[in-house]
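Peer 1: okay, structure incoming, though there's no sequence with it:
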């Protein structure tokens, strides 16, 4: 959960919580929970100052009422916050991170949860430091509004404060008080104290920070606040008990209360709706934030260590983390039990409409309050702004509509929101389960126009619930009855390209299939075939759904094992959800008269899953689709702490016996590997088995001397490290994959399919593996000027000739007298463009399957494969069509067609020819736009990033650069060449 939202509600206008993390403040044997927020204030002169706000809080801080400001530490020049290793403790993977906060007069120690979120927080704190002494010293005048109310006319001196805290009794301040009162009070000697607390001042506690607002240095220790552990636990218990139902009518009234969670028990951020009049300006500022800041508000957030990570956080045991993990994971069934959690899964294609009716009939009527909500939308916004710049107000509108319609008998926290153009997925969890959610990641895959754009594709959220990994996928696949094969390919593309980064960056990304539970929802667009419209409608009237289901494309494709292998779908007992006249329950009466179909589906994969309901909701009429919902009971693995401790003791005893018993030794089933006829972007895999001996061991592929990585770029070992129990085996896969990064050197002969891998055993010996093979050169990854000199297919040329031509420099003064005169453009480019010109210039949606056209001609290829082969060819060029040295000049003159043509005229002749040839072809495409549905904006968007590439090799252009690149190409599409 993103707890920075709760902190943001306590801040004044112009202040922004960049990052928040939940941690533990440590002093001796005492431990107190704190919420740390890095707050940025933008001053009138445009400069920025930062401070660290520390809050006491409820178990899960979701709104401003859940937190109470405890102390503020300005990020001054003497401020440091560094990760430290506690004395006498061995670091275990997954253990909490200990950090030390120091200023001139203050020293605090915190424990923060292991994971990517803590790393992000520490990086942001480091970036917030004032910097070099040459810059202006921070003054922190803006912090005066947070100063503590004084009990008397004169504050005591610093020495008096340290010795007698009672005159400075601390108090809690509510959200409404903070918003409505000015905390600037007269100070003594031109100084204000920045000091808050929330406990009993008569008991000994922690020193609180004081800021010298004149210069930002810390004066000394503040008054000591009492220990608040018991008070915090009591407050948490009261909140949980008070989380009852507050039913409200969906129509009319305020969406949110001004100073408490909303009437439906939903705890959300400010962007979900208006709260009170005194927060309206702050809300407006939030809505006008940059895209990056808005993205921060929905980023993934690891707020606690997951159970599996907690398993690894065992302190004071001198054992290697990998061996501990191996034993505990293998014995997981000994200390875990299955607990059912209720999941609501819903999907709705809204046809670009804004919410016009209450969503409760879909989301909460007639069911018990779910533990988890997974709500997906398709066609959220059909505008060009959403398509090109991924910006739409409808994201906020539908998020608010869903938030208001969740079950009224429980409080929910938004875990994550992810959107790709019109495909959006929302994940909510009951407040009491929030601490059990961890490792939240989200990704998107576009499969639309040219196989890349986001008008079709999928979004996914993966997370850990207790000890069970769950992945939720929302997809919108290709349309039209006859395009079922494209839908199949869309599904496969989403599965292969959707990858989630792990908490440990050294581990390979996770794919969808690498989860215990997979929930797949969305507008899958599979239709009913072989029946005419009237026959379909008649069967629906007779409620002969099973007869109709026999003609369902998804059923037929699953039965043929082409898609969703291993997935299950419940029985369809409701009528098709598409297509209706908007605002009614009448079937489509438009000119197209679409046949009804079950486009909107929910499938699942995994163990311990029981579907309780699967239905459509006819009462909602906003769209030409009807929403669908499914409710599941999913068995989740939960740890029994007592059994876990017993298992841990057994593991420790067994490992103690093995320690230092002998040197590890393994046997390899194979040590020499030969990859034959390697082709561009075609994966080859060789595998071997490691058999371990009598001693548990850890293995890892290590780099050779003077090399940074353990293997060349085109090779990888999976897994590249691991551990083996005695007498156990593991299989290692060596994957060879040549892409645009490595193809050029392989084409030229500068690199060869040759490498030596070193497999190292911890406390054991090294094993050497030989890798060899041959690469078949291709036009992919070859420079333009090189291809112009190749009059024969590259595979027909001797390797020496290919090497010479590939290494040939681009400069015109290079001596080429011994070579035939070059062609004006590469023949491979001509073949692709000519094929498309002759066969596909009027074809709609050139979706591609590039593997059909990688190294040969287009004789048997489809128009789709040739289209993507063209894109891959342009993307793989080591020097783009518009040379790197002309990149910035092109951006500068975008909008000035005369100047733009002048820049193109300075390119080498072969690059000029290719550019002009491509522009002429694209203009021909535009002449047929009425039939192929392409326009200049779409083509400029696709080819702008391919022809104009940043010389810094950034993977993605900044938005401003992207717009200029599109505008530059757009000129040539709309003006005579």
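Peer 2: Arrived safely, thanks for sending. All of these numbers come straight from a predicted model, not from anything done at the bench.
Peer 1: distance check, the residue nearest in space to the middle of the chain against residue 371.
Peer 2: Central residue of the chain (Cα atoms, centre = their mean): residue 442, 3.4 Å from the mean position. Separation of residue 442 from residue 371 (Cβ to Cβ, to the nearest Å) stands at 20 Å. Glycine gets a C-beta too; all of them are placed from N, C-alpha and C.
Peer 1: for residue 759, which non-adjacent residue is closest in space?
Peer 2: Computed as Cβ to Cβ, 6 or more residues apart in numbering, the closest residue to residue 759 that is not its neighbour in sequence is residue 767, at 4.3 Å.
Peer 1: residue 677 in helix, strand or coil?
Peer 2: strand (DSSP: H, G, I helix; E, B strand; the rest coil).
Peer 1: and for residue 547?
Peer 2: Applying three-state DSSP: residue 547 is helix.
Peer 1: spatially, what comes nearest to it if we skip its sequence neighbours?
Peer 2: By the measure of Cβ to Cβ, 6+ apart, the closest residue to residue 547 outside its immediate chain neighbours is residue 539, 5.7 Å from it.
Peer 1: got a list of what the one you found touches?
Peer 2: Applying Cβ atoms under 8 Å, 6 or more residues apart in numbering, we find residue 539 in contact with 531, 545, 547, 548.
Peer 1: which of those has the weakest pLDDT?
Peer 2: When these are sorted by pLDDT, the bottom entry is residue 531 at 92.
Peer 1: with adjacent residues omitted, what lies nearest to that residue?
Peer 2: Leaving aside its sequence neighbours, residue 531 is closest to residue 551 (5.5 Å, by Cβ to Cβ, 6+ apart).
Peer 1: quick one: residues contacting residue 107.
Peer 2: Contacts for residue 107 (Cβ under 8 Å, 6+ apart) come out as 100, 101.
Peer 1: quick check, the residue nearest to the centre of the chain in contact with residue 459.
Peer 2: Yes - the pair formed by residue 442 and residue 459 meets the contact definition of Cβ atoms under 8 Å, at 7.0 Å.
Peer 1: residues shared between the contacts of those two?
Peer 2: In the contact map built from Cβ under 8 Å, 6+ apart, the residues linked to both residue 442 and residue 459 are 418, 425.
Peer 1: I figured the residue nearest to residue 531 hits residue 528, correct?
Peer 2: Yes - between residue 551 and residue 528 there is a contact at 5.0 Å, judged by Cβ under 8 Å.
Peer 1: if we can go back for a sec, confirm that the residue nearest to residue 759 sits in a helix.
Peer 2: No - looking at residue 767 with three-state DSSP, it is strand, so not inside a helix.
Peer 1: pLDDT score for it?
Peer 2: 94.
Peer 1: what's the answer for residue 534, then?
Peer 2: Predicted confidence (pLDDT) for residue 534: 93.
Peer 1: Three-state assignment for it, please.
Peer 2: If you use three-state DSSP, then residue 534 falls in the helix class.
Peer 1: could you do the one 5 residues further on as well?
Peer 2: Three-state assignment for residue 539 (three-state DSSP): helix.
Peer 1: do the same with residue 960
Peer 2: When the structure is reduced to helix, strand and coil (three-state DSSP), residue 960 reads as helix.
Peer 1: so what's the residue count around it?
Peer 2: Residues lying near residue 960 (other Cβ atoms under 10 Å) number 9.
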